[in-house]
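Asker: next comes the sequence, and after it the predicted model I'd like to discuss.
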Amino acid sequence: MPTYFDVDGAVGVAGIYTSADGSDAPLYAPLTYLSDTKFNSALAYPAVTSSVTGSITLPAVAANTTDHRVNNVLFAHGIGSIPFIEGRITSGLSRVVRLNGSLPVQTGSVVNGPQFPRMIHLGADASNVYLTDFGSTEENGGWPSLTLGWRVDLMQVYQGGSGVGFDAVPSYFVCGPFDSRRRYMRADAPGADQPMTQGITFTMSRPSAETTHWRYSVAGYVVNFGSLTYSAPFTLVTV
């Protein structure tokens, strides 16, 4: 199917789309032809306004800790409202891992007993960006300290604006709310940059009457307890 790049300066819209019959309907009604739309300047895409990096050391936690929970302030964002944020762990784990909801980063050291995960969760309020560290430890095994590198992208959805323009070179493109000088999320090769969560991330099952096994997996980052496959019997939960 042909792919088209079209600009209508009179309307102030630009689009990249496929069209089986060659019509430009997806240019003017991208939501109606969403499966054909690759890009449309009329849509409000979230753009990265700034990125902040740093590191944090999570302290050791003793065995038999019922509820460990610490809200660590990463930085003050200065926006004045709750921002749209995306984040990743850049070092300290087996690979770069996107902060998808609650992320397990450690398990207990007990070999023949339950292994409770240590979880982290990225969040924000109107003042700060936080990394919450939480979980419970088994009565005979705790967690050692863990140092993690992190990166957080602050994002904004731009709306409004009109017209289509190029500079003299041209080195940038502006159309409606879209401005190519901003950094936007985009599709990339599997595993590249910061993968988005797709499909199953967490599975828990009971292969026998006595043992519960679990597995967390996102884009090649795997944390598990026991031997678990997606076909294991007595699945309790799949997320």
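Answerer: Received it, and whenever you're ready, just let me know what you need.
Asker: bridging residues for the nearest residue to residue 104 once chain neighbours are set aside?
Answerer: Leaving out its chain neighbours, the residue that sits closest to residue 104 by Cβ to Cβ, 6 or more residues apart in numbering is residue 117, at 3.9 Å. All C-beta spots, glycine's among them, are computed from the backbone N, C-alpha and C. Beta-bridge pairing of residue 117 under DSSP bridges involves residue 107.
Asker: surely residue 117 touches residue 106?
Answerer: Yes. Assessed by Cβ atoms under 8 Å, residue 117 is found in contact with residue 106 at 6.8 Å.
Asker: the helix or strand where residue 129 lies pairs with which strands, and in what direction?
Answerer: Element membership for residue 129 (DSSP states H and E) is strand 128-135. Next to strand 128-135 in the sheet, as set by DSSP bridges, lie strand 68-76 (antiparallel), strand 117-124 (antiparallel).
Asker: can you check which of these gets nearest to residue 11?
Answerer: Closest to residue 11 of the strands paired with strand 128-135, according to Cβ to Cβ: strand 117-124, at 36.8 Å.
Asker: ok, and what's touching that closest one?
Answerer: Strand 117-124 has contacts (Cβ atoms under 8 Å, 6 or more residues apart in numbering) with 58, 61, 68, 77, 82-83, 85, 87, 89, 99, 101-107, 129-135, 143, 146, 148, 152, 216, 223, 225.
Asker: ok, of the residues you listed, which come out buried?
Answerer: The neighbour-count test (16 or more other Cβ atoms under 10 Å) marks 58, 61, 68, 77, 83, 85, 87, 89, 99, 102-107, 129-131, 133, 135, 143, 146, 148, 152, 216, 223, 225 as buried among the contacts of strand 117-124.
Asker: show me how the protein divides into domains.
Answerer: Structurally, the chain divides into domains by automatic domain parsing as follows: 3-43+158-184, 47-155, 202-238.
Asker: if residue 17 is in a bridge, with which residues?
Answerer: The partner residues for residue 17, given DSSP bridges, come to residue 4, residue 37.
Asker: spell out the secondary structure type for residue 27.
Answerer: Counting by DSSP: H, G, I helix; E, B strand; the rest coil, the backbone at residue 27 sits in helix.
Asker: check contacts around it.
Answerer: 4, 6, 8, 13, 15, 17, 40.
Asker: isn't there a strand covering the second one?
Answerer: Yes. Note on residue 6: a strand contains this position according to three-state DSSP.
Asker: stretch 24-37: end-to-end distance?
Answerer: Stretch 24-37 has its terminal residues 11 Å apart, counting by Cα to Cα, to the nearest Å.
Asker: mean confidence score for it?
Answerer: Stretch 24-37 shows a mean pLDDT of 93.
Asker: just the buried positions in that stretch, please.
Answerer: Across stretch 24-37, burial judged by 16+ other Cβ under 10 Å covers 26, 27, 28, 30, 33, 36, 37.
Asker: same thing with stretch 55-66?
Answerer: Under the neighbour-count criterion of 16+ other Cβ under 10 Å, stretch 55-66 has 56, 58, 61 buried.
Asker: closest one to residue 171 out of the residues you listed, please.
Answerer: Comparing the buried residues of stretch 55-66 against residue 171 with Cβ to Cβ places residue 56 closest, at 37.8 Å.
Asker: partners of that closest one in the sheet?
Answerer: With DSSP bridges as the rule, residue 56 is bridged to residue 148.
Asker: check residue 134 too.
Answerer: When bridges are called by DSSP bridges, residue 134 pairs up with residue 69, residue 119.
Asker: any idea of the pLDDT on it?
Answerer: As predicted, residue 134 sits at a pLDDT of 92.
Asker: contact partners for it?
Answerer: 67, 68, 69, 70, 118, 119, 120, 121.
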